[in-house]
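Visitor: Dropping a prediction and its sequence here:
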Amino acid sequence: MIQPVLPLWDKVIFVDWHGVLSRDPFWMSILNRRQHPLHQQLSESVEKLFSQNDALICDWMRGNVNASQVIDSMEIVLNKSYNSDYLVRKLVEDCRLMRTNTAFINILRKVQNNGAFIVLATDNMDCFFEQMQRSKNRRRSYRKSIDLSKNQTLPMAETVNLFDDVLCSSELGVLKREDPTRFFGNWLDKQSLDFTNALLLDDLKDNCSTFRAAGGTAITVTTESFENGSNIIQSKICNWLQITS
């Protein structure tokens, strides 16, 4: 897990990735390009994987299986023009292209400027976490290189430095809804915080419910609800922080 030097703040907002900040799928460069030779085969395999194999997906998110094992289970036939690790490499590389909602990023930046940690907390896979680490190591700051006011979406690579830290289920070995104390507790303890100091922004009601049961505050947010009511969501966040929206 990434171990940055963090400031001494007394509140933290944990924000989910898929369904909150982004809706983009894995293998974007193939699935979004119909003329790609693997488009049809991969589209069908991904649809089957995510709609019919929930147990495998959850094991992948827990880190019990890795990307290579999952891809092997998909039984995709590669011709001789592709190396055997092509789909694994594209899986990791394409995570960097996943687009985030710039308006939401602007809200989180304001929150951060008012003295709260912003921590990405995602039930996600090894490929995603690997790309997050790579992007962090490039040390590109969205604050210096990007004019957020002129962009509706930005790729992960341009927004990754917003986050003070990253919690990912495949590294922690547990999903948020299964054991929020195990998922969030160690990070909170290291910052001398507890769940009463924490807010979760997540699109899944089960994740929000278990977070509240652990003592935290949660707001159910989806990309759609944000698009239809960003001011309401911003006000809820600011009210929790007790700052002016």
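Guide: Okay, I see it.

Visitor: Where do the helices of this structure begin and end?
Guide: 28-31, 39-52, 54-62, 67-74, 86-95, 102-113, 126-137, 142-145, 156-159, 169-172, 180-190, 205-213, 223-241 (DSSP state H).

Visitor: Which among those helices is found nearest to residue 198?
Guide: Checking these against residue 198 by CB to CB gives helix 180-190 as the closest, at 6.5 Å. C-beta coordinates here come from the backbone N, C-alpha and C atoms, glycine included.

Visitor: could you check the angle helix 205-213 makes with that closest one?
Guide: Angular relation of helix 180-190 and helix 205-213 on a 0 to 180 degree scale: 50 degrees, by axes from the mean of the first three to the mean of the last three CA atoms, to 10 degrees.

Visitor: With respect to residue 119, which of the helices of the chain lies nearest?
Guide: Closest approach to residue 119 among those is made by helix 180-190 (6.9 Å; CB to CB).

Visitor: Check the offset of that closest one from the chain's centre.
Guide: 17 Å (CA atoms, centre = their mean, to the nearest Å).

Visitor: Next: stretch 192-210.
Guide: Chain-centre distance of stretch 192-210: 15 Å, with CA atoms, centre = their mean.

Visitor: Ok, stretch 194-213 next?
Guide: Centre-to-centre, stretch 194-213 and its host chain are 15 Å apart (CA atoms, centre = their mean).

Visitor: Return the alpha-carbon coordinates of that stretch using CSV.
Guide: Provided in CSV are the C-alpha atoms of stretch 194-213 (Å, rounded to 0.1, in the frame of the first residue of the first chain):
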residue,chain,number,x,y,z
ASP,A,194,-11.8,6.9,14.1
PHE,A,195,-15.0,6.4,12.2
THR,A,196,-16.6,9.5,13.8
ASN,A,197,-14.1,11.6,11.8
ALA,A,198,-14.8,9.8,8.5
LEU,A,199,-17.2,10.3,5.6
LEU,A,200,-17.7,7.7,2.8
LEU,A,201,-18.9,8.7,-0.7
ASP,A,202,-20.0,5.4,-2.3
ASP,A,203,-22.5,4.3,-4.9
LEU,A,204,-23.4,1.1,-3.2
LYS,A,205,-26.0,1.2,-0.4
ASP,A,206,-24.5,-1.8,1.4
ASN,A,207,-21.2,-0.2,1.6
CYS,A,208,-22.8,3.0,3.1
SER,A,209,-24.9,1.0,5.6
THR,A,210,-21.9,-1.0,6.9
PHE,A,211,-19.8,2.2,7.2
ARG,A,212,-22.5,3.9,9.2
ALA,A,213,-22.8,0.8,11.4
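
Visitor: As a quick check, tell me the outermost residue of this structure.
Guide: Distance from the centre of the chain peaks at residue 80, with 34.1 Å (CA atoms, centre = their mean).

Visitor: how far away is that one from residue 86?
Guide: Remark: distance between residue 80 and residue 86 (CB to CB, to the nearest Å) = 11 Å.
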